[in-house]
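# Fold the stuff below for me.
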Amino acid sequence: MKNVTWTGSESDALKNGVVYGSVSAVICTLGVLLNILNFLIWNRKATGVSESLLAALGVTDGLVLFSYLIFSVYFFIVSAPYADAPHSEEGMYLVIISFHAFLAFHMMSNLLTVALAVVRYCLVCYGYTKSVIDAHGCKIKVENLIILLGFLVTVLATLPFHFYYKIHEHTGNSTNHTRFWIQKTDFAENHVYEYQVPVLWLYGVVFKIIPCAVIVVLSGFMVKSVRKAKKRKHRISTVDRFAVKRISSEYNRITLMLVVIVMIYVLSEVPVAISAFISGLHRAESHFFYFLLFSTAGAIMDIITVLNATANFFIYISMCKKYRQNLRELFKL
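Residues are numbered from 1 along each chain as shown. So this is what the prediction gives:
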């Protein structure tokens, strides 16, 4: 295994790690609470596909933050992120499980975000509002079908990552005590072109770059449609203009709110996609886990992902009247 260490002195690295872990823990804890609130509010009066998907997004984003909370607290506060630290086997399994959970829930959030963009695009540009599909006499809600398909795709897409890393037992450099650490499996080491590169490109291109490109295009069409709707509104008679303006303004705000959400998603995902793609290009040296753990760029991208999973509450409350109404009703304000 090629050891990767922090730059600078070990004591400075530990101090920086504690600061980073503490900041991450605060953001993740706040984000988990806010996403629970998001789920309660959107699920309270879910009358359409978009509301149900936003409620599901609150669940997955909350689980993303909870997984990263475990990961960061262990590595940066309880222990230390280097191989010679006194890691137990149980601690390393906790890290591996939280790492894979983070990838899985984050991918599920990504798929729900893409689904939100597609559903809103169909509604805005084509007026498609059907929320129930009648398949051979069996009525299936669209949102339930989307969530089920997203779950199945997530399971299949993240399954290859479970063969990438393993727990490695070794003797510490400074002591003779047994230590445990994470390294690539023998299967990954022996199948660089057949396994490592395709997995990282699958993660970086198929499930990151392509969805981002789709979202950008759909968002552009939605913004164009909203602008056309505003122009049509001015041609309506004065008698009907007030009622139409009141209804369409909220409709347009919700559309623009979803555009903001998906575009923030794009901005946060592109750096991770590029890093995964480049990691695949390095072939035998592709340690995506180590990159995220040890590099400054990896830490910044992790924080961006965490902030993205936390930010939706502030977007909802600033741009959606319905969310504010449900929030007041929930707390009887």
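
# Quick one: residues contacting the residue most central in space within the chain.
The residue lying closest to the centre of the chain (Cα atoms, centre = their mean) is H106, at 3.6 Å. The contact partners of H106, by Cβ atoms under 8 Å, 6 or more residues apart in numbering, come to 60, 64, 305, 309. In short, each C-beta sits where N, CA and C put it, glycine included.

# By average pLDDT, which secondary structure element in this protein comes out worst?
helix 288-294 (a mean of 50; mean pLDDT, DSSP states H and E).

# Nearest residue to K45 in space, please, no chain neighbours.
Distances taken as Cβ to Cβ, 6 or more residues apart in numbering put N326 closest to K45, at 6.3 Å, once the chain neighbours are dropped.

# Next one, pLDDT for that neighbour please.
What the model reports as pLDDT for N326 is 87.

# the strands in the stretch 1-150 of the chain, which residues?
Taking DSSP state E, counting those that start in this stretch to define them, one finds strands in the stretch 1-150 of the chain at 132-135, 138-141.

# pLDDT on the last one, on average?
Averaging pLDDT along strand 138-141 gives 62.

# Check stretch 304-320 too.
Stretch 304-320 shows a mean pLDDT of 90.

# CA atoms only: put that stretch into PDB for me.
Extracted in PDB, the C-alpha atoms of stretch 304-320 (Å, rounded to 0.1, in the frame of the first residue of the first chain):
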ATOM      1  CA  ILE A 304     -19.500  21.600  -0.700                       C
ATOM      2  CA  THR A 305     -21.500  18.400  -0.900                       C
ATOM      3  CA  VAL A 306     -22.400  18.700   2.800                       C
ATOM      4  CA  LEU A 307     -23.500  22.300   2.300                       C
ATOM      5  CA  ASN A 308     -25.500  21.400  -0.800                       C
ATOM      6  CA  ALA A 309     -27.400  18.800   1.300                       C
ATOM      7  CA  THR A 310     -28.100  21.400   4.000                       C
ATOM      8  CA  ALA A 311     -28.900  24.400   1.800                       C
ATOM      9  CA  ASN A 312     -32.400  23.300   0.500                       C
ATOM     10  CA  PHE A 313     -34.200  24.500   3.600                       C
ATOM     11  CA  PHE A 314     -33.000  28.100   3.100                       C
ATOM     12  CA  ILE A 315     -33.900  27.900  -0.600                       C
ATOM     13  CA  TYR A 316     -37.400  26.600   0.200                       C
ATOM     14  CA  ILE A 317     -38.100  29.200   2.900                       C
ATOM     15  CA  SER A 318     -36.900  32.100   0.800                       C
ATOM     16  CA  MET A 319     -38.600  31.200  -2.500                       C
ATOM     17  CA  CYS A 320     -41.700  29.100  -1.700                       C
END
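
# buried set for that stretch?
Of all the residues in stretch 304-320, those buried under the rule 16 or more other Cβ atoms under 10 Å are 304-306, 308-313, 316, 319-320.

# just stretch 158-172 next, same as before
Under the neighbour-count criterion of 16+ other Cβ under 10 Å, stretch 158-172 has 158, 160-161, 164-165, 167 buried.
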